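**Q** no sequence on this one, just coordinates:
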């Protein structure tokens with residue numbers, strides 16, 4: 001190791017699981033500085049995504065969370081979380097780059113990295129005051145967690161909707177939390193009605209996505225709206241031409257691409273993937289399933305030939321893209337009913353101060369990194 005170029009050592013370390021990297025921080029000061037750096041955190045995420053490694057399956061049932069290592073899928077193991085549950089359920093509000101956002105019945109919200117066992121409680125956010133006096137009923141409240149690459153910041157979005165029963169009018173107020181500043185602020189209201197009350201926003205390419213309606217009417221077509229968490233503005237995502245007669249849409253993400261699960265009137269389920277984000281012509285039908293009502297794509301297999309699905313909140317199966325065959329996935333310890341998500345294991349910090357470096361600190365950090373990469377180091381055994 002003493003004679004390997006620093007770039008090679010960095011590449012080797014970036015392929016290791018987080019639990020080993022935490023131990024390797026103790027080898028020497030250069031390794032600690034490297035592993036703790038933001039550049040290495042980003043590089044590790046990139047390598048994990050390229051190799052489809054260091055993924056864990058998160059299963060939620062009530063107030064319990066279970067985890068399964070997808071690199072070595074043995075038994076499901078209960079995963080302690082940092083919130084008091086008061087014998088009520090825990091909600092998962094979002095996930096991004098290894099961070100989970102969870103909430104309890106008291107509306108305590110925590111940003112949590114289970115891989116490095118650190119969390120941050122968010123400032124409490126009170127309910128908004130409705131501007132239109134004719135709107136009296138509180139409707140759905142949804143969340144979404146995304147990454148602002150421009151500021152290296154993680155942002156939680158809360159959309160609260162209020163409905164007027166007399167004229168079916170609605171008001172959608174939006175708040176956004178920044179990990180960098182540790183503060184909430186209001187942004188432009190969402191000009192759409194939320195279609196589902198328990199669906200978290202799906203993060204792809206710096207946008208959070210929800211299924212919405214333009215109006216609260218029975219025959220209104222479903223749309224997909226995207227919130228740009230950098231510019232803090234909304235846009236509609238173009239859908240495939242064949243979606244005109246569909247009545248149920250759900251969203252997911254596979255290999256960093258936006259997915260749509262579409263249920264037709266004959267109950268056939270189609271899974272579409274947007275290969276080139278924002279380009280309508282890049283929509284590709286990935287899977288066509290029959291006799292399934294509720295499915296959610298979770299992740300590709302390492303070779304890319306299979307897709308892991310959750311169905312009906314009680315079963316997992318692998319779908320082979322070439323043979324179009326289905327194989328049940330049985331894991332010991334999985335609860336009888338669950339919500340399944342796939343979470344990357346990462347080194348992302350929830351410490352807001354580490355994301356608010358002044359210019360001098362940034363220059364010193366970069367200078368130390370450059371010296372390390374150029375000079376290398378030797379280990380004394």
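**A** Perfect, thanks for sending it. Note that this is a predicted model, so its numbers are computed, not measured.

**Q** the bottom helix or strand of the protein by mean pLDDT?
**A** helix 359-375 (a mean of 44; mean pLDDT, DSSP states H and E).

**Q** make sure residue 318 is indeed in a helix.
**A** No: counting by DSSP: H, G, I helix; E, B strand; the rest coil, residue 318 is not found in a helix; it is strand.

**Q** enumerate every residue touching it.
**A** Residues near residue 318 by C-beta atoms under 8 Å, 6 or more residues apart in numbering: 301, 306, 307, 308, 309, 326, 327, 329. All C-beta atoms are positioned from the backbone trio N, CA, C, and that covers glycine.

**Q** rerun at 6 Å
**A** Residues near residue 318 by C-beta atoms under 6 Å, 6 or more residues apart in numbering: 306, 308, 327, 329.

**Q** could you pull out the strands for the stretch 51-200 of the chain?
**A** Assigned by DSSP state E, counting those that start in this stretch, the stretch 51-200 of the chain shows strands spanning 55-61, 64-69, 77-78, 91-96, 99-103, 109-113, 118-121, 137-148, 153-164, 169-178, 183-187, 193-194.

**Q** where does the chain have low pLDDT?
**A** Along the chain, the model assigns pLDDT under 70 to residues 1-2, 128-137, 166-167, 244-247, 265-266, 352-381.

**Q** spatially central residue for it, please.
**A** Centroid-nearest residue in the chain, with C-alpha atoms, centre = their mean: residue 95, separated by 3.1 Å.

**Q** just give the nearest non-adjacent residue to that one, would you?
**A** The spatially closest residue to residue 95, leaving aside those adjacent along the chain, is residue 343, at 5.4 Å (C-beta to C-beta, 6 or more residues apart in numbering).

**Q** make sure that neighbour is indeed in a strand.
**A** Yes: the assignment for residue 343 is a strand, going by three-state DSSP.

**Q** beta partners of it?
**A** residue 56 (DSSP bridges).

**Q** show me the contacts for it.
**A** By C-beta under 6 Å, 6+ apart, residue 343 lies in contact with 56, 58, 95.

**Q** and for the first one, the neighbour number?
**A** Read that as residue 56. Neighbour count of residue 56, defined by other C-beta atoms under 10 Å: 20.

**Q** ok, residue 290 next?
**A** For residue 290, the tally of surrounding residues (other C-beta under 10 Å) stands at 8.

**Q** give me the nearest residue to it, chain neighbours excluded.
**A** Of all residues not flanking residue 290 in the chain, residue 268 sits nearest, at 5.7 Å (C-beta to C-beta, 6+ apart).

**Q** then residue 31?
**A** Once flanking residues are discounted, residue 31 sits nearest to residue 24: 5.8 Å by C-beta to C-beta, 6+ apart.

**Q** and the one you found, how far from residue 13?
**A** Separation of residue 24 from residue 13 (C-beta to C-beta, to the nearest Å) stands at 7 Å.

**Q** neighbour count winner among these two?
**A** Remark: of residue 24 and residue 13, residue 13 carries more neighbours, 18 against 14, as counted by other C-beta under 10 Å.

**Q** got the phi/psi numbers for that one?
**A** Backbone torsions of residue 13, given as degrees, to the nearest 10, read phi -60, psi -40.

**Q** what is the nearest of the contacts of residue 318 to residue 260?
**A** Among those, residue 308 lies closest to residue 260 (C-beta to C-beta), at 17.4 Å.

**Q** which residues does the closest one contact?
**A** Counted by C-beta under 6 Å, 6+ apart, residue 308 has contacts 298, 299, 318.

**Q** partner residues bridging it?
**A** Residue 308 has the following beta-bridge partners by DSSP bridges: residue 299, residue 318.

**Q** residue 7 belongs to a helix?
**A** Yes: Residue 7 forms part of a helix when assessed by three-state DSSP.

**Q** and the gap between it and residue 208?
**A** Distance, residue 7 to residue 208, using C-beta to C-beta: 35 Å.
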